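Enquirer: following is a predicted model, sequence given first.
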Amino acid sequence: MQSNTARSLPLRPQDEMECRRCEVHCDKVVYPGACLERACPFVYSYEAWGATYVGCMQKVYDVEIDFDMLKAAEESKPGFGAIRAMRRPLPMCKAEVENTYGSLSATTQCVNPEFGELPVGEPTFRVFARVKNS
């Protein structure tokens, strides 16, 4: 008979946004400052209440951030930092796995090692076959 942990592991752990299967607690995070730096085509902005807000059209992160505050934070040494990913990061996203209780990782064996494998992304090209009728 299989252990309970083995049965509870998902088919594709890389596609999950959080893992709580051990004491470490891991989350996938993205850096919205990198979206602006990389000129991501999915960044949108709008003006309201005297400020400009930016967000992600693909809802990789599900918050809207004050643009001036983001820009000011990115100019400082630590930068703005990461936001928890709400869906699978896109190939152009700066993403990583963050351990909530990293100090426990030395004493706890990860039961879901594939969770930390970020998706490589989709191919950047498509191949079409042309059929010539004779």
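Expert: Perfect, I can see it now.
Enquirer: please enumerate the strands of the chain.
Expert: 18-19, 26-30, 43-48, 51-56, 65-66, 83-84, 95-99 (DSSP state E).
Enquirer: counting contacts, what elements does the fourth one pack onto?
Expert: The contact analysis (3 or more Cβ pairs under 8 Å, 6 or more residues apart in numbering; DSSP states H and E) places strand 51-56 against helix 32-37, strand 43-48, strand 65-66, helix 67-75. Where you see a C-beta, it was placed from the backbone N, CA and C, and this is true even at glycine.
Enquirer: turn the ones you listed into JSON lines, including mean neighbour count.
Expert: Putting the helices and strands packed on strand 51-56 into JSON lines (neighbours: other Cβ atoms under 10 Å) gives the following:
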{"stretch": "helix 32-37", "mean neighbour count": "19"}
{"stretch": "strand 43-48", "mean neighbour count": "11"}
{"stretch": "strand 65-66", "mean neighbour count": "18"}
{"stretch": "helix 67-75", "mean neighbour count": "14"}
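Enquirer: looking at those, which is closest to K59?
Expert: K59 lies closest to strand 43-48 among the helices and strands packed on strand 51-56, at 10.9 Å (Cβ to Cβ).
Enquirer: just the C-alpha atoms of that closest one, please, in PDB.
Expert: Below are the C-alpha coordinates for strand 43-48, written out as PDB (Å, rounded to 0.1, in the frame of the first residue of the first chain):
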ATOM      1  CA  VAL A  43       1.800  45.000 -18.100                       C
ATOM      2  CA  TYR A  44      -1.100  47.500 -18.000                       C
ATOM      3  CA  SER A  45      -1.500  50.800 -16.300                       C
ATOM      4  CA  TYR A  46      -4.300  53.200 -15.400                       C
ATOM      5  CA  GLU A  47      -4.700  56.400 -13.500                       C
ATOM      6  CA  ALA A  48      -7.000  56.800 -10.500                       C
END
